[in-house]
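Trainee: Provided below are the primary sequence and the corresponding predicted coordinates.
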Amino acid sequence: MASLLERLRDATNAHDPQRMASLFAYDYESSQPAHPARAFRGREQVLANWTAVFRGVPDFAAELMAAAVDGDTEWGEWDWRGRYTDGAAFAMRGVVILTARDGLISRMRLYVEPVDGGDDDIDAAVRDLYRPPTDD
């Protein structure tokens, strides 16, 4: 039997929000630790979110880059791509960690972010993120 991550990938690439929502427990808990205000509970919100995703990015494509399963925990690295309805490129990458219960996703932590197409190299990123004092 396919892992929950593989089933989620297949439902995503079928652009079927109902099928996706059916993979989640009714009392599903979602969190995005880098964005705490985005936490939510419930399968209905999954359905609403992915209905909006497929409307906004009609050619949404999900690639499961790597995955690991350990008991009731699955880790997956994702590459999401497509085009918004205005033709602009859409790209997100990151990792999700899910917990399974009774064959459904009961909890997930998402660490998925938009791909930064900027030109900043690692030196600029360190400077901007950590603001080290200059030696002036």
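Mentor: Ah, there it is.
Trainee: gap between the lengthiest helix in the chain and the chain center?
Mentor: Counting residues, the longest helix found in the chain (DSSP state H) is helix 43-56. Distance, stretch centre to chain centre, for helix 43-56: 13 Å (Cα atoms, centre = their mean, to the nearest Å).
Trainee: how about the helix or strand just after that helix: buried residues?
Mentor: Once the chain leaves helix 43-56, the next helix or strand it forms, by DSSP states H and E, is strand 61-70. By neighbour count on 16 or more other Cβ atoms under 10 Å, the buried set for strand 61-70 is 62, 64, 67. From N, CA and C alone the C-beta is placed, and that goes for glycine too.
Trainee: which one among those residues gets closest to A11?
Mentor: A62 (9.2 Å; Cβ to Cβ).
Trainee: would you check how far apart that closest one and R9 are?
Mentor: Separation of A62 from R9 (Cβ to Cβ, to the nearest Å): 5 Å.
Trainee: also D121?
Mentor: From D121 to R9 the distance is 32 Å (Cβ to Cβ).
Trainee: comparing the two, which shows the higher neighbour count?
Mentor: R9 (19 against 8; other Cβ atoms under 10 Å).
Trainee: for the host helix or strand of that one, what does the pLDDT average out to?
Mentor: Here R9, judged by DSSP H and E, is contained in helix 4-13. When pLDDT is averaged over helix 4-13, the result is 97.
Trainee: now it, how far from the centre of its chain.
Mentor: On Cα atoms, centre = their mean, the centre of helix 4-13 falls 12 Å from that of its chain.
Trainee: that one packs against which elements?
Mentor: helix 17-21, strand 61-70, strand 73-83, strand 89-101, strand 104-114 (3 or more Cβ pairs under 8 Å, 6 or more residues apart in numbering; DSSP states H and E).
Trainee: going by neighbour count, which residues in that helix are buried?
Mentor: Buried residues in helix 4-13 (16+ other Cβ under 10 Å): 4-5, 7-12.
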